[in-house]
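> Quick one: sequence and predicted model below, then my questions.
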Amino acid sequence: MSNFDYLHPAIQHHVVNSLGWRELRPFQEAVIPPILAGKHMIVLAPTAGGKTEAAFLPLASGMLSEGWTGLSVLYICPIKALLNNLDVRLQRYSTLLGRRSAIWHGDVTTTAQRHVLRDPPDLLLTTPDSLELMLVSPNIEARSLFGDLRAIIVDELTFVPRGLISVPFQAADMVVLRCSIIASLPPRQPPAATTTRRHCGRRREAPSSTTAGPDCSRTSRVSRPGPAAQAP
């Protein structure tokens with residue numbers, strides 16, 4: 001029995017039949033049990049190595065198996081162009097599973113943002129700056145929007161582009177603060193006994209394509225992981 005077998009049957013079906021994948025990569029399989037168990041994780045892999053799927057598939061499995069409702073997963077990425085590309089992929093994955101994904105950043109129309117507030121998707125992709133605006137805006141009730149949240153994925157945490165330079169971790173520290181604010185919000189309803197959610201411990205995954213350098217150690221401030229899962 002492989003770790004792939006722990007995923008919800010609908011995900012197993014679509015991975016093989018809809019996406020046409022013969023198998024998951026070793027690091028993608030390795031993170032399935034700890035994410036299903038609600039552990040915080042750092043996922044290290046090269047660019048285009050499949051980090052997004054490594055984080056999303058186990059969380060989507062929990063979403064289906066445990067019947068998560070409302071906005072369950074928040075996906076934070078500092079680069080709008082990358083976020084737009086991810087939106088296309090995650091929209092497809094979510095639709096295959098009968099779930100909804102949406103995106104929120106400065107280029108998204110007010111109409112689309114109002115739709116998110118009126119009828120929150122299962123998965124919301126956003127930037128750190130847009131998340132900050134959502135948390136401080138007098139027009140957004142953060143507890144209502146984020147009260148059902150089960151997991152936070154922080155992508156490309158190591159470097160955040162500013163103009164022509166990549167400044168390590170100054171903006172990432174702000175992501176830590178924003179995640180902490182969300183984690184402190186009381187849930188709209190007490191978690192069911194069968195779920196893996198503990199106290200206010202929204203699980204956090206931090207995919208990163210940067211696998212070398214001393215700054216990587218600070219990523220643990222976001223995800224509080226055990227050993228990192230790293231692609232070969």
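That came in fine, so what should we check first?
> and Gln1, how many residues sit next to it?
Quick fix: residue 1 is Met, not Gln. Using other C-beta atoms under 10 Å, Met1 has 5 other residues around it. Glycine gets a C-beta too; all of them are placed from N, C-alpha and C.
> Tell me where this protein has strands.
With strands called from DSSP state E, the chain shows them at 41-44, 73-76, 101-104, 123-126, 151-154, 159-162, 165-168, 203-208, 229-230.
> Go through those strands and find the least confident stretch.
Note on those: strand 165-168 shows the lowest mean pLDDT, a mean of 41.
> hang on, isn't Ile103 packed against Leu83?
Yes - assessed by C-beta atoms under 8 Å, Ile103 is found in contact with Leu83 at 6.4 Å.
> the more surrounded of those two?
Ranked by neighbour count (other C-beta under 10 Å), Ile103 and Leu83 place Ile103 first, with 26 against 23.
> what touches both of Ile103 and Leu83?
Common neighbours of Ile103 and Leu83, counting by C-beta atoms under 8 Å, 6 or more residues apart in numbering, are Leu125, Thr126.
> Apart from its chain neighbours, what residue comes closest to Pro33?
Asn3 (5.9 Å; C-beta to C-beta, 6 or more residues apart in numbering).
> how deep is the one you found tucked in, by neighbour count?
Asn3 is flanked by 17 other residues according to other C-beta under 10 Å.
> Could you report the pLDDT at it?
Asn3 is given a pLDDT of 95.
> check contacts around it.
Asn3 neighbours (C-beta under 8 Å, 6+ apart): Glu29, Ala30, Ile32, Pro33.
> Pick out whichever of these sits closest to Pro120.
Of all those, Ile32 has the smallest distance to Pro120: 26.3 Å, by C-beta to C-beta.
> That closest one against Tyr6, yeah?
Yes - between Ile32 and Tyr6 there is a contact under C-beta under 8 Å: 5.6 Å.
> which of those two has more neighbours?
Comparing Ile32 with Tyr6 by other C-beta under 10 Å, the one with more neighbours is Ile32, at 21 against 18.
> Next one: the more buried one from Arg143, what distance?
31 Å (C-beta to C-beta, to the nearest Å).
> same thing with Glu66?
Going from Glu66 to Arg143 by C-beta to C-beta gives 21 Å.
> quick one: which of those two has more around it?
Neighbours of Glu66 and Arg143, each counted by other C-beta under 10 Å, are more numerous for Glu66; the result is 17 against 12.
> Show the pLDDT at that one.
So, for Glu66, pLDDT stands at 95.
> before we move on, what about Pro26?
Predicted confidence (pLDDT) for Pro26: 93.
> okay, now it: neighbour count?
Using other C-beta under 10 Å: Pro26 sits among 12 other residues.
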